[in-house]
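I would like to see how this sequence folds:
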Amino acid sequence: MSSTITVNAAGRRIAVESYGDPKGQPLFFFHGWPSSRQQGALADATASAMGIRLLAVDRPGCGGSDLHVGRALRDWPEVLEALADHVEAPTFHVLGVSGGGPYALASAWGLRDRVKGAAVVSGAPPLAERADVSGLMPVYQYLLRLYNTRPEAMRLVFRAVRPLARIRPPNWLFRMALHTLPDVDRLALIEPGRMNQAWHGYAGSWAGHPDGVFHDARIYAAPWGFDLSEIRVPIRLWHGKKDKNFDWKLAEELAAQIPGCHTRIFDNEGHYSLIFRHCREIFEDLMEAAPPG
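The predicted structure follows:
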């Protein structure tokens, strides 16, 4: 069972979906891009079995959360603190998947007295100062170039595709799309019910503000606004060598900048398979994390 909470944070509504055990240990979940709080449903059963209250948050402009034009990644801790206050969680853990990874790290940086540990799974790396983007999947490379040269054109493209993006494709099209992925990811996604859950998360992102997905995307092309070396919270970083979205060497490069980062690189996992096949292990490792002393 899940339930939706709408919280006022910094003067804006933020939608949060609660999965797992409603009385369990709080773990804030930050979705990928483009996605929404419904992505948390993929870990509902695991969270419930482990006594975890999984709080999946719609970022501003996505799903049920208000748009915040001009926001920066370093603004996220203020939003998260308001959410944590609302659910009466003085301390908590955070987990970010793919595009949610930078938000997990921002939370650890900005709320070191409240975040007990943070996990980044198949996470997006800093891109603003990066000259070589060959480690990104081709569509990400294209979108980054488009945003850097013609941001308004990119916004209009996203607006144009929004109505279509909310229509569930037929099963045959899903199957065709799956064959473009590495075998390990395809096999993970064809599990019964999994594609439908993943689709609901994706469609939920486009159900927000007409420019929500665009403004969520622009965060990745901007400087993060904080120094990774200042993080003092235990960080767990998980990545697969068969990840075609973000090359695993980018994950190693990121981990090297974070003091004491505990890194797990898997030879035979991809961008999607890692969280599906190791969800319980990731949760167990994260919930044991606590700052020294």
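
List the contacts of stretch 173-192.
Stretch 173-192 is contacted from outside by 169, 194-195, 198, 240, 242, 244, 268-273, 276-277, using Cβ atoms under 8 Å, 6 or more residues apart in numbering. For every residue, glycine as well, the C-beta is placed using N, CA and C.

Setting aside sequence neighbours, what's the nearest residue to Ile275?
Counting by Cβ to Cβ, 6 or more residues apart in numbering, Ile275 lies nearest to Val121, which is 5.0 Å off, once chain neighbours are set aside.

So that neighbour is in contact with Ala43, correct?
No. In this structure Val121 lies outside contact range of Ala43 using Cβ atoms under 8 Å: 10.5 Å.

list residues touching both of these two?
Joint contacts of Val121 and Ala43 (Cβ under 8 Å, 6+ apart) are Ile275.

returning to what we had before: and the residue nearest to Ile275, how close does it get to Asn148?
27 Å (Cβ to Cβ, to the nearest Å).

go on, Ser48?
Ser48 is 43 Å from Asn148, by Cβ to Cβ.

what about stretch 73-87, distance to the chain center?
Distance, stretch centre to chain centre, for stretch 73-87: 15 Å (Cα atoms, centre = their mean, to the nearest Å).

Repeat that for stretch 70-82.
For stretch 70-82 - counting by Cα atoms, centre = their mean - the centre lies 15 Å from the chain centre.

Between its first and last residues, how far does that stretch reach?
19 Å (Cα to Cα, to the nearest Å).

which residue sits closest to the most centrally placed residue in the chain, ignoring its sequence neighbours?
Central residue of the chain (Cα atoms, centre = their mean): Gly100, 2.1 Å from the mean position. Of all residues not flanking Gly100 in the chain, Phe30 sits nearest, at 3.1 Å (Cβ to Cβ, 6+ apart).

Now do the contacts for the one you found.
Contacts of Phe30 by Cβ under 8 Å, 6+ apart are Val57, Arg59, Val94, Leu95, Gly96, Val97, Gly100, Gly101, Tyr103, Ala104, Ser107.

swap in Leu127?
So Leu127 contacts Val133, Leu136, Leu144, Tyr220, Ala221 (Cβ under 8 Å, 6+ apart).

what about the helices in the stretch 151-293 of the chain?
Per DSSP state H, counting those that start in this stretch, the stretch 151-293 of the chain carries helices over the ranges 151-165, 171-178, 183-189, 194-206, 212-221, 248-255, 273-277, 279-287.

Reformat those as CSV; add mean neighbour count, distance to Asp21 and mean pLDDT.
Shown next, in CSV, are those (neighbours: other Cβ atoms under 10 Å; distance: least, Cβ to Cβ, whole Å; pLDDT from 0 to 100):
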stretch, mean neighbour count, distance to Asp21, mean pLDDT
helix 151-165, 14, 33, 95
helix 171-178, 12, 31, 84
helix 183-189, 18, 25, 95
helix 194-206, 19, 19, 91
helix 212-221, 22, 29, 97
helix 248-255, 19, 30, 98
helix 273-277, 22, 19, 97
helix 279-287, 18, 12, 98
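
So Ile282 sits against Phe266, correct?
No. In this structure, Ile282 is not within contact of Phe266 by Cβ under 8 Å, at 11.3 Å.
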